[in-house]
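**Student:** pasting the structure only:
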């Protein structure tokens, strides 16, 4: 189907009821889970600040051990000391740049060597760039961090997770996927033909993440593994700190003052990872803890299949390991 037909397909699929639901959900507080998670293992990417750090504290406060995948060794060590001192649980970390394909594969392979079951895997690491950047692999950086890192880790770990009694994978997604209102430019994921903007690249990367969830959820059917995605609410985070001083000043002066604490996101991520109420829920998008329908381009199964094949080629996963 050509691009014009795709756009028309999405136009017909948009529903006002879903837009109103999104607005209504933005006023809701997350459900709270008070169950303990003692001795269980939780993996979190990007845990040294913002949503990731508060989520690490939330799980540790309920007795979970942590394995965090971070970029900064100094901040990782500080988090380890902080968590272990305050809660008496084990907090290990791996150092990886999640925009670098070799680092991502190395982190995934180290997770494969972990003998203890991984009970919850939270893909939280993110970036927001107002200017297009390419990684050393030649891939647009927002796509690499938000989408390809989670794709590679999930793909390589899926058999291990399926062999366990249970496991939950959670994407820290975003309502920002709606910025890709007319679909994913799957033939131009590096933004070489289309005009780049921070909002469009962010929306596309988050849409790609949700499209991958369709395929992963199918692969998890009739297993004890689930995969879901969550919009973390309009909360204050350090996302965007890589941009210029003007952007950072505007964000701090105007935007951040309208936002909530990221504690609500941590509360929601704990509920989605632990609560028995959603034990069998698979392949769904949540606004905090309220199930919601994503935008039509993020529900396109044909595009999900196309992106899956493209992702295997981009990441080298289509080539069997020697």
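**Tutor:** Done, it's in. Please read these numbers as outputs of a predicted model, since none were measured by experiment. Residues are numbered from 1 along each chain as shown.
**Student:** make it CA atoms for all contacts and neighbour counts henceforth
**Tutor:** OK.
**Student:** okay, and for the stretch 1-150 of the chain, where does confidence drop off?
**Tutor:** 1 (pLDDT under 70).
**Student:** can you show me the helices along it?
**Tutor:** With DSSP state H, counting those that start in this stretch as the criterion, the stretch 1-150 of the chain has helices at 3-13, 16-25, 50-61, 73-87, 101-112, 141-143, 149-162.
**Student:** looking at those helices, which is nearest to residue 263?
**Tutor:** Closest approach to residue 263 among the helices of the stretch 1-150 of the chain is made by helix 50-61 (6.3 Å; C-alpha to C-alpha).
**Student:** list the contacts for residue 225?
**Tutor:** 161-162, 166-169 (C-alpha atoms under 8 Å, 6 or more residues apart in numbering).
**Student:** look up how far residue 158 lies from it.
**Tutor:** Distance, residue 225 to residue 158, using C-alpha to C-alpha, to the nearest Å: 9 Å.
**Student:** do residue 227 as well
**Tutor:** 11 Å.
**Student:** so which of these two has more stuff around it?
**Tutor:** Of the pair residue 227 and residue 158, residue 227 is the one with more neighbours under other C-alpha atoms under 10 Å, namely 25 against 17.
**Student:** partners of that one in the sheet?
**Tutor:** residue 169 (DSSP bridges).
**Student:** that one against residue 219, yeah?
**Tutor:** No. Residue 227 lies out of contact with residue 219 (C-alpha atoms under 8 Å); the separation is 10.0 Å.
**Student:** about what we covered before: which pair in the contacts of residue 225 spans the largest distance?
**Tutor:** Farthest pair in those, by C-alpha to C-alpha: 162 and 169, 11.5 Å.
**Student:** which one of those two has more residues nearby?
**Tutor:** A direct count of neighbours by other C-alpha under 10 Å for residue 162 and residue 169 places residue 169 higher, at 28 against 17.
**Student:** of the helices of the stretch 1-150 of the chain, flag the one that's most buried.
**Tutor:** Most buried of the helices of the stretch 1-150 of the chain, by mean neighbour count (mean count of other C-alpha atoms under 10 Å): helix 141-143, with a mean of 25.
**Student:** and for stretch 195-208, what's in contact with it?
**Tutor:** Against stretch 195-208 from outside (C-alpha under 8 Å, 6+ apart): 128-132, 142-143, 146-147, 173-174, 176-180, 183-185, 297-298, 304, 307.
**Student:** hmm, I was thinking of stretch 6-24
**Tutor:** By C-alpha under 8 Å, 6+ apart, stretch 6-24 touches 182-183, 287, 292-293, 295-297.
**Student:** equivalent analysis for stretch 146-154, please.
**Tutor:** 98-99, 101, 104-105, 107-108, 123, 125-127, 205-206, 208-209, 212, 311, 315, 317.
**Student:** buried members of those into PyMOL, please.
**Tutor:** Selecting just the buried residues from those in PyMOL takes one command, with 16 or more other C-alpha atoms under 10 Å as the test:
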select buried, resi 98+99+101+104+105+107+108+123+125+126+127+205+206+208+209+212+311+315
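**Student:** so of the contacts of stretch 146-154, which ones are in strands?
**Tutor:** Counting by DSSP state E, the part of the contacts of stretch 146-154 found in strands is residue 123.
**Student:** would you confirm that residue 188 belongs to a helix?
**Tutor:** No. Under DSSP: H, G, I helix; E, B strand; the rest coil, residue 188 falls outside any helix and is assigned coil.
**Student:** wait, it touches residue 194, no?
**Tutor:** Yes. With contacts counted by C-alpha under 8 Å, residue 188 reaches residue 194, the gap being 7.3 Å.
**Student:** neighbours around residue 187, how many?
**Tutor:** Neighbours of residue 187 under the rule other C-alpha under 10 Å: 12.
**Student:** if I look at it, how far off is residue 2?
**Tutor:** For residue 187 relative to residue 2 (C-alpha to C-alpha), the value is 11 Å.
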